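# Fold the stuff below for me.
(chains A and B)
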Amino acid sequence: MPTIPLSWFLLVGAGLFSIGLYGALARRNAVAVLMGVELLLNAVNINLVAFNRYITPAQVTGQVFTVFVLAIAAAEAAVGLALIIAIYRTRDTVNLDEIDLLKG
Amino acid sequence: MQLLFFLILAAAAIAGALGVVVSKKPVYSALSLLVNFAVAAVLFITLQAQFVAVVQIIVYAGAIVVLFLFVIMLIGGDLPGVAVRPRARAVAAVAALVAGVLALAGLGYALVAGSPAATSGAVPGNGSVQAIGEALFTTYLLPFELASVLLLVAMIGAVALARKDST
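Reported below is the predicted structural model:
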């Protein structure tokens, strides 16, 4: 097929990554920050699959790496959300500006 | 035709990502995240990665987004302070801009220097469960086993963290 250039997929990936980075850094809600991180991982997945399809179409390396990234993302989301629930129990907030227990 | 399809998908993916970042309510953010993941799965199918697309739907859209929604419901959908932190906003905007510019610069350099030409057509069945399973159980056996250990640790950790008397 590839009538669509590889760089277009990379552009989409870069755009999603930048948006996710902004979300992860700027949001005040801890849940929203986690969602930003998920966006970052998803952008990386698009890049990995696109590279796999265009550069080494005979192998599945990129797709295998994508599966690993998915596993890591699932683990990260589970632990992160458990942390948020634990923090909400003790501090009654998920506002990152108010969670400053370790601030010197 | 193919180009138009791709452009629609790309616009939908970007719109979903923007929805995640801009939405004031966390529930809308989570639903936008779902849109973004679903569109990414369609992109994977256009890249002949069927297995990854299905796993994306099952794990991301099915598990992670539902987990997010559960947590949002548990701690209340209407939280004060879901807005953007004013101080961090500038820093974040600069960081995102730098990342975007760096990625654009890299792409521009690749275009000038000549990126590798798109190689031959798809190898039939390369995105199938069989091909990926074979790679997972031969070349990538050690990372595969390590991933299972990681998932076990994450599961135990999540249960231990979220238990009532552990805090």
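# neighbours around residue 59, how many?
Defaulting to chain A. Around residue A:59 there are 15 other residues, counting by other Cβ atoms under 10 Å in any protein chain shown. C-beta here means a position set from N, CA and C on the backbone, and glycine is covered the same way.
# I was thinking of chain B, sorry if that wasn't clear
18.
# What distance do you get for it to residue A:15?
23 Å (Cβ to Cβ, to the nearest Å).
# looking only at pLDDT, what's the mean for the lengthiest helix in chain A?
Assignment by DSSP state H gives helix A:61-91 as the longest helix of chain A. Across helix A:61-91, pLDDT averages out at 90.
# Would you tell me whether the helix or strand hosting residue B:44 gets close to chain A?
For residue B:44, the host element (DSSP states H and E) is helix B:26-46. Yes: applying Cβ under 8 Å from any Cβ of the partner chain, one finds helix B:26-46 in contact with chain A at B:26, B:29, B:30, B:33, B:36, B:37, B:40, B:43, B:44.
# can I get those in JSON lines with neighbour count, pLDDT and distance to residue A:43?
As requested, those are arranged in JSON lines below (neighbours: other Cβ atoms under 10 Å in any protein chain shown; pLDDT from 0 to 100; distance: Cβ to Cβ, whole Å):
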{"residue": "B:26", "neighbour count": "27", "pLDDT": "87", "distance to residue A:43": "21"}
{"residue": "B:29", "neighbour count": "25", "pLDDT": "90", "distance to residue A:43": "17"}
{"residue": "B:30", "neighbour count": "26", "pLDDT": "91", "distance to residue A:43": "18"}
{"residue": "B:33", "neighbour count": "29", "pLDDT": "93", "distance to residue A:43": "13"}
{"residue": "B:36", "neighbour count": "30", "pLDDT": "94", "distance to residue A:43": "10"}
{"residue": "B:37", "neighbour count": "23", "pLDDT": "94", "distance to residue A:43": "12"}
{"residue": "B:40", "neighbour count": "29", "pLDDT": "93", "distance to residue A:43": "9"}
{"residue": "B:43", "neighbour count": "24", "pLDDT": "92", "distance to residue A:43": "11"}
{"residue": "B:44", "neighbour count": "26", "pLDDT": "92", "distance to residue A:43": "13"}
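# Adding distance to residue B:96, write the residues you listed out as TSV.
Shown next, in TSV, are these (distance: Cβ to Cβ, whole Å):
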residue	distance to residue B:96
B:26	20
B:29	17
B:30	21
B:33	17
B:36	16
B:37	20
B:40	19
B:43	21
B:44	24
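# between the helix holding residue B:44 and helix A:61-91, how big is the angle?
170 degrees (axes from the mean of the first three to the mean of the last three Cα atoms, to 10 degrees).
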